[in-house]
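J.: What follows is a protein structure lacking sequence information:
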């Protein structure tokens with residue numbers, strides 16, 4: 001077995017037969033060998049590491065997103081380093097760290113960043129992919145239209161006959177990731193000739209407990225609220241639990257929609273109507289875009305809209 005074959009097994013696994021690759025890994029494990037990535041960067045000028053900044057791991061959509069990134073990066077012999085950043089300041093610090101490590105590229109969530117971060121990315125020309133968005137792109141992006149998805153949820157309730165629909169959003173540090181949704185809800189309701197003042201904001205940290213708080217807030221605005229759009233399936237499940245406590249039938253008394261198609265969406269009774277954002281595919285595509293940019297072998301797509309699916313279940 002040649003040194004080149006061994007090198008390719010670690011650096012370019014797709015170039016090596018699976019049987020050979022597994023044999024190389026087995027021998028490496030027996031010898032206690034670990035590749036020196038720093039030495040590889042010095043000799044080739046190219047990093048085999050990609051950085052990813054995630055605002056939260058509290059929902060399964062981000063888990064699937066990270067899983068997609070990790071799988072695709074690993075298939076091409078790259079390592080993925082993950083940092084959590086709930087605020088813009090945290091994100092900026094993470095970007096500084098990754099650029100200091102000379103990563104091959106960086107994956108971010110959303111398109112709202114600090115001026116310091118944007119300036120640093122542009123000056124260093126570090127390849128960056130923004131996930132979950134398709135507009136106001138810094139470099140490259142992969143995602144879907146939050147505006148269109150929100151409109152789809154509102155229309156689902158309107159077509160069901162709901163006329164007093166409430167909207168639940170997130171406040172605090174999570175608000176920036178959801179900023180496109182409220183205007184889309186208001187516009188869709190206005191187009192249908194319906195009022196759109198039934199709006200409340202909650203704290204993402206409350207989890208299922210945010211559901212009862214949201215429903216209480218909407219009932220104060222309008223006791224006859226008959227539909228609600230929730231920011232995640234967790235909040236929507238909390239609303240359904242509260243409806244059970246109140247003796248309200250879902251969807252007869254209150255139709256409920258979620259967002260994310262988490263596991264609970266199909267397990268709860270009634271099943272939850274929701275948005276399925278294709279998170280795994282989004283993560284995998286974000287890595288492909290960075291890899292295409294780094295390889296310079298083929299043209300890369302600067303913006304990729306992977307769409308979303310409206311999953312209709314019994315709650316709406």
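T.: Great, that's in hand. What you are looking at is a predicted structure, and each value in this text was computed from that prediction instead of being measured.

J.: got the contact list for the most centrally placed residue in the chain?
T.: Centroid-nearest residue in the chain: residue 62, 4.8 Å away (criterion: Cα atoms, centre = their mean). Counting by Cβ atoms under 8 Å, 6 or more residues apart in numbering, residue 62 touches 54-56, 109, 279. C-beta here means a position set from N, CA and C on the backbone, and glycine is covered the same way.

J.: Inside strands: which ones of the residues you listed?
T.: With DSSP state E as the criterion, strands contain 54, 109 from among those.

J.: mind listing the helices in this protein by residue range?
T.: 3-11, 18-31, 37-44, 60-75, 88-100, 115-124, 146-160, 181-191, 210-221, 233-246, 263-267, 279-295 (DSSP state H).

J.: Dump these to TSV, plus mean pLDDT and distance to residue 252.
T.: Converted to TSV, the helices of the chain look like this (pLDDT from 0 to 100; distance: least, Cβ to Cβ, whole Å):
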stretch	mean pLDDT	distance to residue 252
helix 3-11	69	59
helix 18-31	73	55
helix 37-44	49	59
helix 60-75	93	29
helix 88-100	95	43
helix 115-124	95	48
helix 146-160	98	11
helix 181-191	97	21
helix 210-221	97	16
helix 233-246	97	10
helix 263-267	95	19
helix 279-295	94	32
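
J.: measure residue 210 to residue 155 for me?
T.: Going from residue 210 to residue 155 by Cβ to Cβ, to the nearest Å gives 24 Å.

J.: More neighbours: these two, which one.
T.: residue 210 (24 against 14; other Cβ atoms under 10 Å).

J.: From residue 100, how far out is the nearest residue to the more buried one once chain neighbours are set aside?
T.: Closest residue to residue 210 apart from its sequence neighbours, by Cβ to Cβ, 6 or more residues apart in numbering: residue 202 at 4.3 Å. From residue 202 across to residue 100, the span is 37 Å (Cβ to Cβ).

J.: ok, the two, which is more surrounded?
T.: Applying other Cβ under 10 Å to residue 202 and residue 100 shows that residue 202 carries more neighbours, namely 22 against 9.

J.: Tell me who's in contact with the more buried one.
T.: Here residue 202 is in contact with 168-171, 210, 213-214, 217, 231, 235 (Cβ under 8 Å, 6+ apart).

J.: Quick one: buried ones out of those?
T.: 168-170, 210, 213-214, 217, 231, 235 (16 or more other Cβ atoms under 10 Å).

J.: ok, those residues vs residue 47, which is closest?
T.: Nearest to residue 47 out of the buried ones among the contacts of residue 202 is residue 170 (Cβ to Cβ; 34.9 Å).

J.: so that closest one touches residue 234, yeah?
T.: No: counting by Cβ atoms under 8 Å, residue 170 stays clear of residue 234, with 11.3 Å between them.

J.: picking up where we left off before, please tabulate the helices of the chain in JSON lines and include distance to residue 310 as additional columns.
T.: Supplementary listing: these in JSON lines, determined by distance: least, Cβ to Cβ, whole Å:
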{"stretch": "helix 3-11", "distance to residue 310": "42"}
{"stretch": "helix 18-31", "distance to residue 310": "39"}
{"stretch": "helix 37-44", "distance to residue 310": "43"}
{"stretch": "helix 60-75", "distance to residue 310": "15"}
{"stretch": "helix 88-100", "distance to residue 310": "30"}
{"stretch": "helix 115-124", "distance to residue 310": "34"}
{"stretch": "helix 146-160", "distance to residue 310": "5"}
{"stretch": "helix 181-191", "distance to residue 310": "14"}
{"stretch": "helix 210-221", "distance to residue 310": "21"}
{"stretch": "helix 233-246", "distance to residue 310": "14"}
{"stretch": "helix 263-267", "distance to residue 310": "12"}
{"stretch": "helix 279-295", "distance to residue 310": "15"}
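
J.: just so I know, which of these lies nearest residue 197?
T.: For these, the distance to residue 197 is smallest for helix 210-221, at 6.9 Å, taking Cβ to Cβ.

J.: that older thread, and residue 253, which of the helices of the chain is closest to it?
T.: Nearest of the helices of the chain (Cβ to Cβ): helix 233-246, 7.1 Å.
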